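# missing the sequence, but the structure's below:
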């Protein structure tokens, strides 16, 4: 421990106990991890098979890996990382995702692609949390990161403010554009912090498939 650590000891963001990490090991272990889920959309289920919704109306993406459930205190951590510019919490969430993929190795894609923000919104926030998560995962898994080919071309209303599924779908329709690189990607994993209704992820998938991608998976930190 150096002098600065002694002078300003680190405390856990969640339980406030002294901790060498911003979130202590006990709190990390106690987080609500996703246990059994629909393999297509990542929704929590009793059995690891397609949920009723995916059987009735399957999304365009092929598979979802959700590490955590969007319950307390995960919502608190993501809010801090997303809106309070707390990069230390964001780093913890990235590490949790890394450890998950070490313990549960997924079928690796060719490339990781973060869900893009509209440029004005990203400028106002100062960063894209999904990009940072994707960057750390790409380094950890030794995969390429493509954050240029897919972009948001419409400054849409925040999805969280829209109540109905129809309104969320309409809000993001044609909000994204994809400019395929050469050679074109065939298998992409989209990286996002929170999977809510899936409208945004499904719309990006639609655009990617139309641009020649053959398979899209979703890797997210938390699933509502």
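Good, I have the coordinates. Here the structure is a predicted model, which means the values were calculated and not measured.

# nearest spatial neighbour of residue 154, skipping sequence neighbours?
residue 175 (4.1 Å; C-beta to C-beta, 6 or more residues apart in numbering). In short, each C-beta sits where N, CA and C put it, glycine included.

# what's in contact with the longest helix anywhere in the chain?
Taking DSSP state H as the criterion, the chain has its longest helix at helix 87-103. Identification of contacts with helix 87-103 by C-beta atoms under 8 Å, 6 or more residues apart in numbering yields 13, 21-23, 28, 31, 33, 65, 67-68, 77-78, 80-81, 129, 132-133, 136-137, 140-141, 193, 219, 221.

# From residue 182, how far off is the residue nearest to residue 154?
25 Å (C-beta to C-beta, to the nearest Å).

# higher neighbour count, those two?
Neighbour count, other C-beta atoms under 10 Å: between residue 175 and residue 182, residue 175 has more, with 18 against 4.

# any idea of the pLDDT on that one?
With respect to pLDDT, residue 175 scores 95.

# Residue 57 versus that one, what's the distance?
Distance from residue 175 to residue 57, by C-beta to C-beta: 21 Å.

# Residue 111 too?
On the measure of C-beta to C-beta, residue 111 and residue 57 end up 27 Å apart.

# These two: who's more crowded?
A direct count of neighbours by other C-beta under 10 Å for residue 111 and residue 57 places residue 111 higher, at 19 against 7.

# Could you verify my assumption that that one touches residue 147?
No: the criterion here is C-beta atoms under 8 Å, and residue 111 misses it with residue 147 at 10.1 Å.

# what is the orientation angle of whatever helix or strand residue 219 lives in with helix 87-103?
If you go by DSSP states H and E, residue 219 is part of strand 215-223. Angle of strand 215-223 versus helix 87-103, following axes from the mean of the first three to the mean of the last three C-alpha atoms, to 10 degrees, is 120 degrees.

# and strand 215-223, what does it pack onto?
strand 63-69, helix 74-83, helix 87-103, strand 187-195, helix 199-210 (3 or more C-beta pairs under 8 Å, 6 or more residues apart in numbering; DSSP states H and E).

# For the third one, the averaged confidence score.
In other words, helix 87-103. For helix 87-103, mean pLDDT rounds to 94.

# which parts of that helix are buried?
89-94, 96-98, 100-101 (16 or more other C-beta atoms under 10 Å).

# who touches the nearest residue to residue 202 once chain neighbours are set aside in this structure?
Once flanking residues are discounted, residue 202 sits nearest to residue 59: 5.0 Å by C-beta to C-beta, 6+ apart. Residue 59 makes contact with 40-41, 198, 201-202, 205 under the criterion C-beta under 8 Å, 6+ apart.

# Look up how far residue 187 lies from residue 59.
Distance from residue 59 to residue 187, by C-beta to C-beta: 16 Å.

# Determine which residue lies closest to the centroid of this protein.
Nearest to the mean C-alpha position of the chain, counting by C-alpha atoms, centre = their mean, stands residue 192 at 2.1 Å.

# Dig out what that residue forms beta bridges with.
Beta-bridge partners recorded for residue 192 (DSSP bridges): residue 220.
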